[in-house]
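K.L.:
Sequence first, predicted model second:
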Amino acid sequence: MIVLGVHGGDSFPEDSSRSGYSDHDAAAVLVRDGEVLVAIEEERLTRIKHTNCFPVNAIRHCLREAGLAWADIDYVATNISQDNAEAADAIALLEADAASTRCMLKERGLAARFRRAFGVDVSSRLRFCPHHIAHAWSAFAPSGLEQALILSLDGNGDGLSGMVLTGNSEGLNVLRRYPDSQSLGHLYVSLIKILGFSRFEEYKAMGLAPYGDAATYAEMFSQMYRLLPEGGYELKTPLERYAVLLEAGLLEQARTQEEPFSQSHRDFAAGLQSLLEVIVFHILTYYKALTGESSLCLAGGVAHNCSMNGKILRSGLFRKVFVQPAAHDAGGALGAAWWVFHEATKTAPRTTLTHLSYGRGLGSSDEIKRSLARWDAMLEYETANDVASTTADLLSQGAIVGWVQGRAEFGPRALGNRSILADPRPSSNKLIINRMIKKREEFRPFAPAVTRESASQIFDMPKGVSELPFMVVVVEVREPFAALLGAVTHVDRTARIQTVSKESNPIFWRALDAFGCIAGIPVLLNTSFNCNAEPIVDSIDDAVACFLTTELPYLVVGDFVVTKKRVAEGRKDLLHLRPVLRGDRRLCRRIHQAGSDAEWITEICSTQSRFFGPTAARISRDMFVVLSRADGQTSLGSLADMAGIEPEQLSYLESELFDLWSRRWLHCLPARY
């Protein structure tokens, strides 16, 4: 049985729609007889972070990668109930205010999207899995556990914000449903606005929390909820919560994105983290006692809170804890596919997740070389006889390396296939990567990757736990090593650990082992290979773009070690590149009136909601003229010549293009492609 699992919204990147708050992290997966063949998030292919669009590119990739045709697909599953899917379509139709829009919206629904994208009728094969049931299956099916308590918590889905279940060989049993009004996900997102954060930035608040004292605002946060018997709780309404913040004087201290963090902000983050943990432990303690289950599975967006996960694991409340590494809605596509398998076979899918390398591969060594050769005007590269040892040597000498190997990971973590690697010892490496490459806040922590064999010697692994391969749990760093591992040890002496085995990722394990032979400790700083303006890199071209637009000194792709060609000072040599606007970008021109004066404003605009990034970027008139002629095939130099741009303006045009490329407002590709 082959099941295609999908999650995503109803729009396409080219649609002029700013809607879609409720959908995000679109993805597609292929599961054959319960085993994952391919899994990829739409953002990796469209380069739109957290995209809520229908995952047309991800679906196409899954079929191509598995060598399957539509006739081979038995079922198409999605992680929303049919009633809610139909209600959403009906609401959109009723709210349409133009006849043309109403006409378009009549062809809504999942089946209509497949007809539009692929010209195929899948209506008889569609299956709709309730949102939190999908989350629950996404955690239980790959956990390797015979039975477990399951907790799914997120913002909302199908009118619910959470669900408690048990799982065994016969399937799942729902014990409790938490309504939207009790959403811990929405609570967290609403309150981090005090810190200057917004949706999709919850992890930043979690990273800031260890710098604060939770006791400072403990009394204030206690006014925002009430614990009830039998694992229940009650949250104050948003209006009541803001009244509490107002009385505490915190609304006046709300931080803007440009302002520094005060100690009050740090304490607020710590208090918010504590609030979340108190409620979650209240739920788990009750249902552990009720069911007697000794194992726990976690899923839903709240399960990405690694600090909370670490405390659950270290508490001893459960003997085993499995956290779905793709706990967000993209992982719901997996859960929906496993649910269909269970519904059709009456057999619970059973597997043990050992890796997440289900995405796009790099191809053969010759194919990698051809991809790099397209960039030979800007790159130099050579083959390494032992790329793991060569990389370990570079890292031990202080270099920071972009590391691209094998198939890309599914989910929000780079686990050694699309990573930036560095020596974990100098604390300065954390500052260097945050400032020069990731371009993000300096307090943000980095994770250590360690060989499985050495993990318990360096980190305080919970009793009975020998490996934590998915970077979803925080543990303490043992005292002798905390000071040594300055770049990956957080201020509270914890680290978001990833253990690596020879079996799951041989080449990454060899790099860790080789570094251990040089440095005496088989640990590397491992963070996702991207800058703050894009998702994790997927293709070789993605990796090259990030390499060329940041201060990353080395790129390792397959067996090739890549460096940048030196150019004359002040030059970027971008005239030979082809600018390409993304599918969700449009050139816009409008009149700006300032008093009696008016001027034309030229911009690149996004068709996507503001929840998925900035909606416009100002560009010069020359760049507007050049990009209006861009066809995806012609170089910047040729476009400038066609537009009559004066030679003395070319240097400025190059600089502007580089800035737009660095902020991912457009793509740049080599002319010889």
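P.N.:
Alright, I've got the coordinates. Numbering: from 1, shown residues only.

K.L.:
where in the stretch 1-150 of the chain is pLDDT low?
P.N.:
16-22, 91-108 (pLDDT under 70).

K.L.:
Where do the strands of it begin and end?
P.N.:
With strands called from DSSP state E, counting those that start in this stretch, the stretch 1-150 of the chain shows them at 2-7, 27-32, 35-41, 75-78, 126-128, 148-157.

K.L.:
would CSV of the ones you listed with distance to residue 52 and mean neighbour count be doable?
P.N.:
Just so you know, the C-beta spots here come from the backbone N, C-alpha and C atoms, and that holds for glycine as well. Output for the strands of the stretch 1-150 of the chain, formatted as CSV (distance: least, Cβ to Cβ, whole Å; neighbours: other Cβ atoms under 10 Å):
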stretch, distance to residue 52, mean neighbour count
strand 2-7, 10, 27
strand 27-32, 11, 27
strand 35-41, 12, 23
strand 75-78, 14, 25
strand 126-128, 18, 19
strand 148-157, 13, 27
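
K.L.:
Out of those strands, which is closest to residue 405?
P.N.:
Nearest to residue 405, of all these, is strand 35-41, at 16.5 Å by Cβ to Cβ.

K.L.:
packing partners for that closest one?
P.N.:
Contact analysis of strand 35-41 by 3 or more Cβ pairs under 8 Å, 6 or more residues apart in numbering; DSSP states H and E lists strand 27-32, helix 56-66, helix 329-345 as its packing neighbours.

K.L.:
picking that back up, switch the strands of the stretch 1-150 of the chain over to TSV; also include distance to residue 538.
P.N.:
Supplementary listing: the strands of the stretch 1-150 of the chain in TSV, determined by distance: least, Cβ to Cβ, whole Å:
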stretch	distance to residue 538
strand 2-7	18
strand 27-32	13
strand 35-41	8
strand 75-78	23
strand 126-128	28
strand 148-157	25
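
K.L.:
which one of those strands lies closest to residue 87?
P.N.:
strand 126-128 (11.9 Å).

K.L.:
Walk me through which strands the closest one pairs with, and which way each runs.
P.N.:
The strands beside strand 126-128 in its sheet (DSSP bridges) come out as strand 75-78 (parallel).

K.L.:
and for the partner strand, what are the contacting residues?
P.N.:
The contact list for strand 75-78, computed with Cβ atoms under 8 Å, 6 or more residues apart in numbering, reads 1-7, 85, 110, 114, 122, 125-129, 333, 336-337, 339-340, 344.

K.L.:
let's go with 7 Å and repeat that
P.N.:
3-7, 110, 122, 125-129, 336-337, 339-340 (Cβ atoms under 7 Å, 6 or more residues apart in numbering).

K.L.:
CA atoms only: put it into CSV for me.
P.N.:
Presented in CSV, the C-alpha positions along strand 75-78 are these (Å, rounded to 0.1, in the frame of the first residue of the first chain):
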residue,chain,number,x,y,z
TYR,A,75,-4.5,6.9,-1.0
VAL,A,76,-3.9,10.6,-0.5
ALA,A,77,-4.1,11.6,3.1
THR,A,78,-4.1,15.0,4.8
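
K.L.:
distance between that strand and the chain's centre?
P.N.:
23 Å (Cα atoms, centre = their mean, to the nearest Å).

K.L.:
Now do the residue most central in space within the chain against residue 440, distance only.
P.N.:
The centroid of the chain falls nearest to residue 412 when counting by Cα atoms, centre = their mean (3.4 Å). For residue 412, the distance to residue 440 equals 15 Å [Cβ to Cβ, to the nearest Å].

K.L.:
ok, residue 413 touching residue 469?
P.N.:
No: taking Cβ atoms under 7 Å as the definition, residue 413 is not a contact partner of residue 469, at 10.2 Å.

K.L.:
Could you point out the longest helix of the protein?
P.N.:
helix 263-291 (DSSP state H).

K.L.:
List the buried residues in that one.
P.N.:
Within helix 263-291, the residues scored as buried using 16 or more other Cβ atoms under 10 Å are 264-284, 286-288, 291.

K.L.:
Could you do stretch 373-392 as well?
P.N.:
374-375, 378-379, 381, 384, 387-392.

K.L.:
In CSV: these, plus pLDDT, secondary structure and distance to residue 209.
P.N.:
Putting the buried residues of stretch 373-392 into CSV (pLDDT from 0 to 100; DSSP: H, G, I helix; E, B strand; the rest coil; distance: Cβ to Cβ, whole Å) gives the following:
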residue, pLDDT, secondary structure, distance to residue 209
374, 95, coil, 44
375, 95, coil, 41
378, 94, coil, 41
379, 95, strand, 41
381, 97, strand, 42
384, 98, coil, 41
387, 98, helix, 38
388, 98, helix, 36
389, 98, helix, 39
390, 98, helix, 38
391, 98, helix, 33
392, 98, helix, 33
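
K.L.:
ok, then the element right after the helix or strand where residue 178 lies?
P.N.:
Here residue 178 sits within strand 171-179, counting by DSSP states H and E. Using DSSP H and E, the helix or strand that directly follows strand 171-179 along the chain is helix 184-191.

K.L.:
which other helices and strands contact that following helix?
P.N.:
With contacts defined as 3 or more Cβ pairs under 7 Å, 6 or more residues apart in numbering; DSSP states H and E, helix 184-191 has these neighbours: strand 148-157, strand 160-168, helix 263-291.

K.L.:
Averaged pLDDT, the shortest one. What do you get?
P.N.:
Along strand 160-168, the predicted confidence averages to a pLDDT of 98.

K.L.:
same deal with the last one?
P.N.:
Regarding helix 263-291, the rounded mean pLDDT is 98.

K.L.:
And whichever helix or strand comes after it, what's buried?
P.N.:
The helix or strand immediately downstream of helix 263-291 is strand 295-299, counting by DSSP H and E. By neighbour count on 16+ other Cβ under 10 Å, the buried set for strand 295-299 is 295-299.

K.L.:
Residue 625 contacts residue 643, correct?
P.N.:
Yes: in terms of Cβ under 7 Å, residue 625 counts as a neighbour of residue 643; the distance is 4.7 Å.

K.L.:
surely residue 208 meets residue 264?
P.N.:
No: Residue 208 is beyond contact range of residue 264, at 11.7 Å (criterion: Cβ under 7 Å).

K.L.:
burial of residue 258, as a residue count?
P.N.:
6 (other Cβ atoms under 10 Å).

K.L.:
What residue, apart from its backbone neighbours, is nearest residue 236 spatially?
P.N.:
Leaving out its chain neighbours, the residue that sits closest to residue 236 by Cβ to Cβ, 6 or more residues apart in numbering is residue 224, at 5.0 Å.

K.L.:
Contact partners for that neighbour?
P.N.:
Residue 224 touches 235-236, 241, 244, 275, counting by Cβ under 7 Å, 6+ apart.

K.L.:
if you look at those, which of them are in strands?
P.N.:
The members of the contacts of residue 224 that map onto strands under DSSP state E are residue 235.

K.L.:
And the helices in the stretch 351-500 of the chain?
P.N.:
Secondary structure of the stretch 351-500 of the chain by DSSP state H, counting those that start in this stretch: the helices cover 365-373, 387-396, 428-433, 455-458, 479-482.

K.L.:
To clarify, my last question referred to the stretch 1-150 of the chain.
P.N.:
For the stretch 1-150 of the chain, the helices defined by DSSP H, counting those that start in this stretch cover 42-46, 56-66, 82-95, 99-105, 110-118, 131-140.

K.L.:
quick one: residue 312 and residue 276, what's the gap?
P.N.:
Taking Cβ to Cβ, one finds residue 312 at 12 Å from residue 276.

K.L.:
In contact with the residue nearest to the centre of the chain, which residues?
P.N.:
residue 328.

K.L.:
Residue 658: helix or strand, and which one exactly?
P.N.:
Using DSSP H and E, residue 658 falls in helix 650-662.

K.L.:
chain center to that helix: distance?
P.N.:
On Cα atoms, centre = their mean, the centre of helix 650-662 falls 28 Å from the chain's centre.

K.L.:
Kindly export the next helix or strand after that helix (C-alpha atoms) in PDB.
P.N.:
Sequence order places strand 667-670 as the next helix or strand after helix 650-662, per DSSP H and E. Output in PDB follows, covering the C-alpha atoms of strand 667-670 (Å, rounded to 0.1, in the frame of the first residue of the first chain):
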ATOM      1  CA  HIS A 667      17.700  34.200  -6.700                       C
ATOM      2  CA  CYS A 668      20.900  34.500  -8.700                       C
ATOM      3  CA  LEU A 669      22.100  31.700 -10.900                       C
ATOM      4  CA  PRO A 670      25.200  31.400 -13.100                       C
END
